[in-house]
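Novice: From the sequence below, what's the structure:
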Amino acid sequence: MKGKEIRKNKLFSNGKPVIVAIDHGQYFGPIEKLIDLRKTVSKILNADGILMTPFVLSHLKDFFYSQSSPAIILRVNWTTALCMPWKYKQAHTVKVIDVENALSYGADVILSNLTLQSGSERIDSENVKLFSEIARKKEKEGIPLIGEIIPNIPLSEKKKLHNHVKEAVRIAWELGADMIKTYYTGENFNEVIEGVPIPVFVLGGEKMKNEKDAISLAEKAAGKGAGGIVFGRNVFQSSNPIHFIENLKAVINGRKYNQLKMVLSDFENIKKAELPEGYEIKTYKEGDEKVWCKIINESVGGNWTPELFKKHFESKKKFDPKGLFFLYYKSKPCGTVLAWKENPNLGQLHYLGVLKQHTGKKLGYALCTEVLKYFKKENIRNVFLTTDDFRLPAIKIYLKIGFKPVIHEEDQLRRWEKVFNFLRSKRING
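Specialist: Below is the predicted model:
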């Protein structure tokens with residue numbers, strides 16, 4: 001097997017890939033959420049690949065030392081066709097880095113733009129010449145090439161856009177592309193897929209108003225045969241990139257997103273947590289449902305109301321007021337956790353939340369130990385919890401206590417590897 005095939009198969013090792021593009025700076029300058037690149041990348045490490053420019057990689061290289069790090073995809077050319085803020089009219093394209101140098105930087109995959117129908121036959125032929133040179137070199141060096149097809153055609157001209165994409169994708173393959181990145185063209189997108197024997201990735205484009213719309217685009221594209229997606233602003237400008245990436249992974253691979261699960265069966269010798277001065281823990285009293293909703297909505301997320309709390313918790317036989325704990329600082333509530341009796345032999349550590357201004361003081365750990373003491377009194381010796389990939393501070397606490405991950409779906413092994421990769425980066429406050 002050639003090196004190119006090895007690198008390409010690695011990108012697909014967990015199914016259809018979710019690639020996050022962060023290369024916008026070379027065309028748009030410092031846009032929202034790409035000003036502090038290190039902060040942004042720390043939130044997208046569960047992607048299958050990250051598309052960037054060579055010198056951005058040199059600034060971020062330490063994020064890619066782990067075996068479970070995303071694939072490094074480097075853009076190797078630059079075109080006026082994509083420099084939209086300056087309103088260039090043509091598509092002059094130049095090489096930014098040689099294929100050999102991309103490899104020396106650590107690239108797993110390279111990406112090259114190919115713009116056709118620029119309005120000038122001379123420019124088109126020069127673009128084909130450059131793309132072909134890159135394709136020949138990547139064969140020699142053994143690295144896969146993503147051909148980028150982004151036509152200079154308004155998205156409103158749907159038929160014209162579709163026909164161009166269908167034709168240009170085929171041309172890019174015949175010129176040497178191993179994969180394609182392009183627009184989703186609607187109901188007839190399957191014609192684009194059927195025209196080439198290589199994976200076609202759908203790009204996300206401008207940030208959509210609703211994250212559900214971006215998820216819907218990915219789902220539709222996958223349904224028409226797309227081999228993966230390359231989303232940028234819709235991911236790194238989302239409210240929770242880690243969670244959003246996992247939802248995208250599930251959708252394009254025909255799965256439902258399910259939370260991660262952890263279990264604990266031995267907590268006899270859990271280390272007691274000492275609360276910092278000014279903090280105390282109390283149990284639920286009537287009226288605290290408003291406090292609970294405020295803490296959970298701010299710390300975990302959601303739109304909880306006292307009515308929903310009563311419906312899902314207080315009205316149930318499993319609810320015990322002595323098992324709902326609140327953390328107070330100088331008489332002001334700032335954290336909560338729930339001990340939920342699933343059955344006489346099994347308990348659930350549920351809805352742990354600490355307000356942001358009180359994190360980093362081991363308060364989450366203290367709340368969890370209260371839950372475990374409660375279960376011990378109730379003679380419950382087996383405890384489980386469910387959590388999301390992005391709740392890294394909470395996962396760090398659970399692991400410290402002794403909770404173990406449970407792999408109950410094939411894709412969760414990958415997800416846990418990504419979680420541990422995040423935690424190893426030492427950028428998470430416990």
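Novice: Domains in this structure, by residue range?
Specialist: As given by automatic domain parsing, the domain ranges for the chain are 3-254, 261-424.
Novice: Throw the ones you listed into CSV and include mean pLDDT and mean neighbour count, thanks.
Specialist: All C-beta atoms are positioned from the backbone trio N, CA, C, and that covers glycine. Formatted as CSV, these follow (pLDDT from 0 to 100; neighbours: other C-beta atoms under 10 Å):
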stretch, mean pLDDT, mean neighbour count
domain 3-254, 95, 19
domain 261-424, 93, 17
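Novice: Pull the helix or strand where Phe201 lies out as PDB, backbone CA atoms only.
Specialist: Phe201 belongs to strand 200-203 when elements are defined using DSSP states H and E. Extracted in PDB, the C-alpha atoms of strand 200-203 (Å, rounded to 0.1, in the frame of the first residue of the first chain):
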ATOM      1  CA  VAL A 200     -16.700  14.500  -2.300                       C
ATOM      2  CA  PHE A 201     -16.800  16.700   0.800                       C
ATOM      3  CA  VAL A 202     -19.500  19.400   1.200                       C
ATOM      4  CA  LEU A 203     -18.400  22.800   2.500                       C
END
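Novice: roughly how far is the helix or strand following it from the heart of the chain?
Specialist: In the C-terminal direction, the helix or strand that comes right after strand 200-203 (DSSP H and E) is helix 211-223. Its chain's average C-alpha position is 15 Å from that of helix 211-223, according to C-alpha atoms, centre = their mean, to the nearest Å.
Novice: Tell me which other helices or strands helix 211-223 touches.
Specialist: strand 200-203, strand 228-231, helix 241-252 (3 or more C-beta pairs under 8 Å, 6 or more residues apart in numbering; DSSP states H and E).
Novice: try 6 Å this time
Specialist: helix 241-252 (3 or more C-beta pairs under 6 Å, 6 or more residues apart in numbering; DSSP states H and E).
Novice: neighbouring strands for whichever helix or strand comes after the helix it packs on, and are they parallel or not?
Specialist: On the C-terminal side of helix 241-252, the nearest following helix or strand under DSSP H and E is strand 260-264. Using DSSP bridges, the strands paired with strand 260-264 are strand 382-387 (antiparallel), strand 404-406 (antiparallel).
Novice: Which one, of those strands, ends up nearest to Ser13?
Specialist: Taking C-beta to C-beta, strand 404-406 is the member of the strands paired with strand 260-264 nearest to Ser13, at 19.6 Å.
Novice: Report the angle between the helix or strand following that closest one and strand 382-387.
Specialist: On the C-terminal side of strand 404-406, the nearest following helix or strand under DSSP H and E is helix 412-424. Angle, helix 412-424 to strand 382-387, by axes from the mean of the first three to the mean of the last three C-alpha atoms, to 10 degrees: 80 degrees.
Novice: so Tyr365 sits in a strand?
Specialist: No - going by DSSP: H, G, I helix; E, B strand; the rest coil, the assignment for Tyr365 is helix, not a strand.
Novice: any idea how far it is from Asp388?
Specialist: 19 Å (C-beta to C-beta, to the nearest Å).
Novice: ok, now Ser66?
Specialist: Ser66 is 21 Å from Asp388, by C-beta to C-beta.
Novice: got a list of what the closest residue to Val300 other than its chain neighbours touches?
Specialist: The shortest distance from Val300 to any non-neighbouring residue, by C-beta to C-beta, 6 or more residues apart in numbering, is to Gly353 (4.8 Å). Taking C-beta atoms under 6 Å, 6 or more residues apart in numbering, we find Gly353 in contact with Ile295, Ile296, Ser299, Val300, Thr336.
Novice: Could you do Val99 as well?
Specialist: Taking C-beta under 6 Å, 6+ apart as the test, what Val99 contacts is Lys137, Lys138, Glu141.
Novice: so the second one makes contact with Ile146?
Specialist: No - with the criterion set as C-beta atoms under 6 Å, Lys138 and Ile146 do not qualify as a contacting pair; they are 10.2 Å apart.
Novice: What backbone torsions are found at His346?
Specialist: Check again: residue 346 is Leu, not His. phi -140, psi 130 (degrees, to the nearest 10).
Novice: ok, so what distance separates it from Trp340?
Specialist: Leu346 sits 10 Å away from Trp340, going by C-beta to C-beta.
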